[in-house]
Every structure is written in C-alpha cells, then in structure tokens.
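K.L.:
Sequence and computational prediction follow.
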Amino acid sequence: MAKFEKANSVGEWLDQRLNTTALTKVLMTEYWIPKDINFLWAMGVLLAVTFKILVISGLFLMMYYKPDVALAFDSVNYTIMQEVAYGWLFRHMHGVAASVVFLIIYIHMFTGIYYGSYKQGREMIWISGMLLFMTFSAAGFSGYMLPWGQMSYWAAMVITNLFGGVPVIGDALVVWIRGDFNVADATLTRFFMLHVFLLPIVIMGIIGLHFYTLRIPHVNNQEGADIDYDAEAEKYLAGNKKEAKVIPFWPIFISKDFAILGIFLIFYFYLVFFHYNFAMDPVNFDPADAMVTPAHIYPEWYFLWSYEVLRGFFFDVGPVKAFDIGLMAFGFANVIFLVLPWLDRDPAILPAHKRPGFRVWFWILMVDLIVLTVYGKLPPTGINAWVGFASASVFILLFVALPFITKADAKKRGA
Amino acid sequence: MSNETNRRDFLGYTFAAVAAVGGAASLVGMKQVWDPLPSVLASGFTNVELNGLKAGEPITVMWRGKPIFVLKKTADMEKSDRDLIIGEDRYTVAIGLCTHLGCIPAWKKTQWKCACHGGEFDASGKQTFGPPPRPLDLPPFAVQGSQLVLGEEGPEYKKIAAAMATA
C-alpha cells in the first residue's frame, strides 16, 4: 500500500487517496486550448449545461408524469401544469431546452464543418459527435411522444411506420417495435423507458467519449494551424504567456465560455418565460385519437430538413416506388454526415474562406437546409412538392460533388 | 508453465461458451419482452352491419385499434377486382391507413386524400397520386348475411386477396 501521512486539510487527505492534484491538472489547469478561437467554440460548454438542465428538469417532471395512455395527457396538462407548484416552469424549461439543444448542436456541427475540424486526426471527435446527434434525436423523439397528444401520437405513428420499409421483415418489425398492431399503451411505456433511462445513459457515455476524443488531437483553431502543444505549453508554464499559443482550459479559457453561457442563459430563460409556445405545438393540446389524423403533420423544427428529404421524392422512377426512394434518401441524409471526413479529399485543414470551392459548397448547403426546413413545414401540394423535390435533390448532389470540389481546391493550391 | 497456460486457456474458452449460451438466451428473452402481449394478440373481432350504408359515403370502424373504411360504391364508380360483391352491391373494404406512413386519409367526394404527404386513393382503394407504394391494405374479413366480421378470413376475403396479389 502507498504511504499515507497525516493530512493537514481535506484537500490534502483526498489528494493522498485520489490523486486529485494530478487529475485537476490533466482535466482542467493543464488541459491546453489554442488562443485563436472565437465564440463558436463555446457551444460545447453550452451543450453540456443545456443537457444538465434537461436531466434535472426531467427528474422533476418524472415525479408526476404517468406513462399510461389513459393518464399521460392529464398528468402533463393538468397535474404538472396546474397542480404541481412550479410544474409549468419545469415543463417549459424541459420543452424549450429540448428545442434549443438542437439549435446549439447545429451551430456546433456547422462550426466544425466550416473550420474543417472533422479532418485528419479529428475523425473520432466528429464521429462521436454525430453519434451524440443521433442519440439526441432519438431522445427528442421519444420524449415528444410522452404527453400523448395528437401530434405525439401521429409522430409516433409515422416514425414507427418508417421501419416498415425494411425489406422482408418490415411489417413484423413495426408490430414488434410498437408492441401492438397500433401505436398503443405498450408503445408509450417502452418509449418512456427509452426516454428517461436508456437514452440518457447512452448520451452520458458518448459525451464522455466525445470529451476524450479531444485529448490527443486537441481542439482545432480559426486558422487550422498545426500547434505543437508540448512546446507551447512549456512556454506558458515558463511564464511566457504572451508568446505561447495556448492557454489552460481552467480557469483562463473557461471564463470566456462563462461569458457566452451567461448571454445564452438570458436568451434561454427569455424563451422559457415569454416564448415557451414555440416549443409547444397547438395540435398536441388535443388528446391522442387513433381515429382522427390532424389535417397536417410535421415534426418539430429541428427534424424538418430530413423530413422534407423523406417526402421530397413523391413520384416513382421506373420500377422503384416513390416510398422507397424517399426512404433511401432519408437514410442517406441521416448517415452521410458521419462519413464527411472521408468525403473531404482536401488534405489540408483550413477554414472554408480559404477554400474557394468548399466555401461555395458550404453556403449552398446552409441555404438548402434552410429551404428544406421551411418547406418541411408547408403542406406538400402543388409547387411545394416540386420545391421539396428540388431541394432534396440538391442536398444529395452536394454530397456526391464534395469529393471532387475539395480535390479541385487542393489542386489549385498546389497541394 | 505451458501446462498452466493451457489450463487458463481452457477456463477462458469454457467461460466464453457459457457466456455465449447465456447471452443468446437472454437476447431471445429480450426480443420476446417487446412482442405484443397475448391480450393484444387476442383482441377480438368487429362486426359491421352493411344494411343502411349510403352509397358514396364511406364509414370508418375501429378494428385492432386501426380504422377500417367500408364504402358502398355508387353506380358510376369504377368497378374493381377488389370489390366485395354482395347481391347487387359493391363495397370497398380497406384498412384506413395510408400505405406510405400510416396517416388516416380523409374522404373527399370521390377519393381518399391523405393530408400528411398528399397521397390519394380512389374509391377502390387504389393509389392514384403521391408517395403511397401500394393500394390501401385489405383487412381479413368474413361475410355473414348482411354483416361483415373483421378478423376472420372468409372465402370472399381469400378471393379478393388473391386478386390483389396478382394485380
């Protein structure tokens, strides 16, 4: 056993047993961050805080929520909203955070794309991040179902039906996932389990992995510059703080994150108190009814772009059914970002404004995603169907063209 | 030394075998937990009285939690292989869920129109526009006098199902 001496403080006592000094150095005070990064790099801390808000507000909601088709709607809309003291606050905090977390994820993700932070050496950061996005999507969807309103019910109907597209076993798979011929009580209780236990645990695990993936390649910077972290850290520790290109995460860098977090939280609580309605669809204040479909079904704003890719292909092409084309396009849209590091054939890590072709690609992608999002909410009739078709096609073509565009950029630079 | 290594290898393989059997068995159990319960599977039959239906005005009944459309066709509606013919009357019987993603289409004068993704089905349940990949599905039924019994596979059902399969 190691040698233990009488400790003079609680901190010393813990240090002898848990090596807390070394741990703080590795995780905080000697975890090096480049100086050359802007506010967009604060999104990680914002997400960590938003996830914490979701977990804590969720715990309070879970104490009164009842996962039963006969009780769920009233337990949310009557018990939590009317009876429980501050129940409305926890619901709105949870609902708004669920929406805002996707806004920040998208900013985080497209910051990474803009600055090339997914490339050479940082692939695992990107992949674990995309896995987080997928599990967050599953958690968002399973949670959306729980109030058992009309939109919840029909969202569950449509999403579970998607599995019917799996060859051969499709129909049986849908029944198995639902636990009933229809979206019913068995469906609600298993989605409750997924939403409050399994998915949050998986998310926490992947968050741990996502943080760990940063340790070896380190965080990217605005210029994509290759920093010798050991040399720069030595300069900093020797007192040459001005020349060192890096600063410690704690307490120096985190102060900037806290400033941005402060602004974010003001925005977030402004939404919670004054505009919580944007996260609450009016249709969902009708109890679920298996016999009546709402006039128009659409998901929450953060799924609209992939929903529009799904329904953008509304006509058959030869022997291939429109349904299958849509499903394939939807599958494509959901996995293509995962392989982005290999679609980008430019060997250099540079921000988009230093890669002419890629810069155009990036902004077309942004515009296309906004068009998809806007048209995803409109009824798919007449001209809307054609706009949906065009923007869904552009989305796919962009990713097909990416390897050629990035290769051409590299060639032009003489790489 | 080598003896000892072999013994440890043997223990390792033995454990792997036991764990594989246990793992496979628990996967079977986990799969079955998600299967529909017996009470769900046994959910009964639904009877529909066909007398008194107005031609051109479909009704919706619930069977196994799903909407079922029953439409008595008017004389000027196109005949189809999937029509259920009872005496002089022709009926369309269909599961009222869009075959695209399962929304309930609404009856608009001469056709069912789905609000979700714009799919359309004619009076015979055939898809005429939009993403639905196939006609509205046929629920199993039997005919008893003027009654339709949903959930049972009668000869009329088998005939129509066969006609739909070859279409």
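P.N.:
Cool, got the structure.
K.L.:
List phi and psi for the closest residue to residue B:140 other than its chain neighbours.
P.N.:
Spatial nearest neighbour of residue B:140, chain neighbours left out: residue B:153 (4.6 Å); criterion: C-beta to C-beta, 6 or more residues apart in numbering or on different chains. For every residue, glycine as well, the C-beta is placed using N, CA and C. Residue B:153 adopts backbone torsions of phi -100, psi 90, taken as degrees, to the nearest 10.
K.L.:
chain center to stretch A:232-241, what's the gap?
P.N.:
Put simply, stretch A:232-241 sits 36 Å off its chain's centre (C-alpha atoms, centre = their mean, to the nearest Å).
K.L.:
which residues touch it?
P.N.:
A:30, A:32, A:243-248 (C-beta atoms under 8 Å, 6 or more residues apart in numbering or on different chains).
K.L.:
cutoff 7 Å now
P.N.:
A:30, A:32, A:243-247 (C-beta atoms under 7 Å, 6 or more residues apart in numbering or on different chains).
K.L.:
Please enumerate the helices of the stretch 201-350 of chain A.
P.N.:
A:229-237, A:254-274, A:304-312, A:322-335, A:340-343 (DSSP state H, counting those that start in this stretch).
K.L.:
my bad, chain B
P.N.:
B:2-33, B:38-41, B:155-166 (DSSP state H).
K.L.:
Span of stretch A:372-384 from start to end?
P.N.:
11 Å (C-alpha to C-alpha, to the nearest Å).
K.L.:
in that stretch, what's buried?
P.N.:
Burial within stretch A:372-384, assessed by neighbour count using 16 or more other C-beta atoms under 10 Å in any protein chain shown, is assigned to A:372-376, A:378-380, A:384.
K.L.:
Need the three-state assignment for the one residue in chain A that gets nearest to chain B.
P.N.:
Using C-beta to the nearest C-beta, the closest approach of chain A to chain B is made by residue A:182 at 3.4 Å. Here residue A:182 is recorded as coil under DSSP: H, G, I helix; E, B strand; the rest coil.
K.L.:
looking at it, it is touching residue A:290, isn't it?
P.N.:
Yes: between residue A:182 and residue A:290 there is a contact under C-beta atoms under 7 Å: 6.1 Å.
K.L.:
Now for these two: what residues contact both?
P.N.:
residue B:65.
K.L.:
Neighbour count: these two, which is higher?
P.N.:
Remark: of residue A:182 and residue A:290, residue A:182 carries more neighbours, 21 against 17, as counted by other C-beta atoms under 10 Å in any protein chain shown.
K.L.:
Give me the nearest residue to that one, chain neighbours excluded.
P.N.:
residue B:65 (3.4 Å).
K.L.:
What separation is there between the one you found and residue A:75?
P.N.:
Using C-beta to C-beta, to the nearest Å, residue B:65 is found at 22 Å from residue A:75.
K.L.:
how's chain B carved up into domains?
P.N.:
B:7-35, B:42-166 (automatic domain parsing).
K.L.:
Of these, which is nearest residue A:154?
P.N.:
domain B:42-166 (6.7 Å; C-beta to C-beta).
K.L.:
could you pull out the strands for the stretch 101-250 of chain A?
P.N.:
A:246-248 (DSSP state E, counting those that start in this stretch).
K.L.:
Same list (the helices of the stretch 201-350 of chain A) but as CSV, adding mean pLDDT.
P.N.:
Formatted as CSV, those follow (pLDDT from 0 to 100):
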stretch, mean pLDDT
helix A:229-237, 95
helix A:254-274, 97
helix A:304-312, 91
helix A:322-335, 89
helix A:340-343, 97
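K.L.:
Out of those helices, which one sits most buried?
P.N.:
Stretch with highest mean neighbour count among the helices of the stretch 201-350 of chain A: helix A:304-312 (a mean of 25; mean count of other C-beta atoms under 10 Å in any protein chain shown).
K.L.:
leaving aside the residues next to it on the chain, what's closest to the residue nearest the centre of chain A?
P.N.:
Residue closest to the mean C-alpha point of chain A, counted by C-alpha atoms, centre = their mean, is residue A:133 at 3.5 Å. Once flanking residues are discounted, residue A:133 sits nearest to residue A:105: 5.8 Å by C-beta to C-beta, 6+ apart.
K.L.:
List, one by one, the residues from the stretch 51-200 of chain A near chain B.
P.N.:
Contact residues (C-beta under 7 Å from any C-beta of the partner chain) of the stretch 51-200 of chain A with chain B: A:154, A:157-158, A:161-162, A:175-176, A:179-182, A:184, A:186, A:190.
K.L.:
Compare the residues you listed and tell me which has the most neighbours.
P.N.:
residue A:154 (26 neighbours).
K.L.:
check contacts around the residue of chain A closest to chain B.
P.N.:
Residue A:182 touches A:290, B:64-66, counting by C-beta under 7 Å, 6+ apart.
K.L.:
Got phi/psi on it?
P.N.:
Dihedral angles (degrees, to the nearest 10) for residue A:182: phi -130, psi 170.
K.L.:
pLDDT score for whichever residue of chain B sits closest to chain A?
P.N.:
With C-beta to the nearest C-beta, the shortest gap between chain B and chain A falls at residue B:65, namely 3.4 Å. Note for residue B:65: predicted pLDDT of 83.
K.L.:
and residue A:407, what does it touch?
P.N.:
Counting by C-beta under 7 Å, 6+ apart, residue A:407 has contacts residue A:345.
K.L.:
let's go with 10 Å and repeat that
P.N.:
Residues in contact with residue A:407 (C-beta atoms under 10 Å, 6 or more residues apart in numbering or on different chains) are A:344-347, A:357, A:415.
K.L.:
Residue A:65 too?
P.N.:
Taking C-beta under 10 Å, 6+ apart, we find residue A:65 in contact with A:58, A:71-72, A:75-76, A:79-80, A:91, A:146-147, A:192, A:196.
K.L.:
Identify the farthest-apart pair in the residues you listed.
P.N.:
Maximum distance among these (C-beta to C-beta): 18.3 Å, for A:58 and A:71.
K.L.:
of these two, who's got more company?
P.N.:
The neighbour comparison of residue A:58 against residue A:71 (other C-beta under 10 Å) goes to residue A:58, with 20 against 13.
K.L.:
Give the helix, strand or coil label for the more buried one.
P.N.:
Going by three-state DSSP, the state assigned to residue A:58 is helix.
K.L.:
Now that it has come up, it's in contact with residue A:192, right?
P.N.:
No: in this structure residue A:58 lies outside contact range of residue A:192 using C-beta atoms under 10 Å: 11.5 Å.
K.L.:
Same question for the helix or strand harbouring residue A:405: list its buried residues.
P.N.:
Here residue A:405 sits within helix A:383-412, counting by DSSP states H and E. Across helix A:383-412, burial judged by 16+ other C-beta under 10 Å covers A:384-385, A:387-389, A:391-392, A:394-396, A:398-399, A:402, A:405-410.
K.L.:
next one: stretch A:215-223
P.N.:
Here stretch A:215-223 shows A:217-221 as buried, counting by 16+ other C-beta under 10 Å.
K.L.:
Please list the residues outside it that contact it.
P.N.:
A:26-27, A:31-38, A:40-41, A:44, A:111-112, A:115-125, A:214, A:227, A:229, A:245-246, A:249, A:253, A:349-351, A:354.
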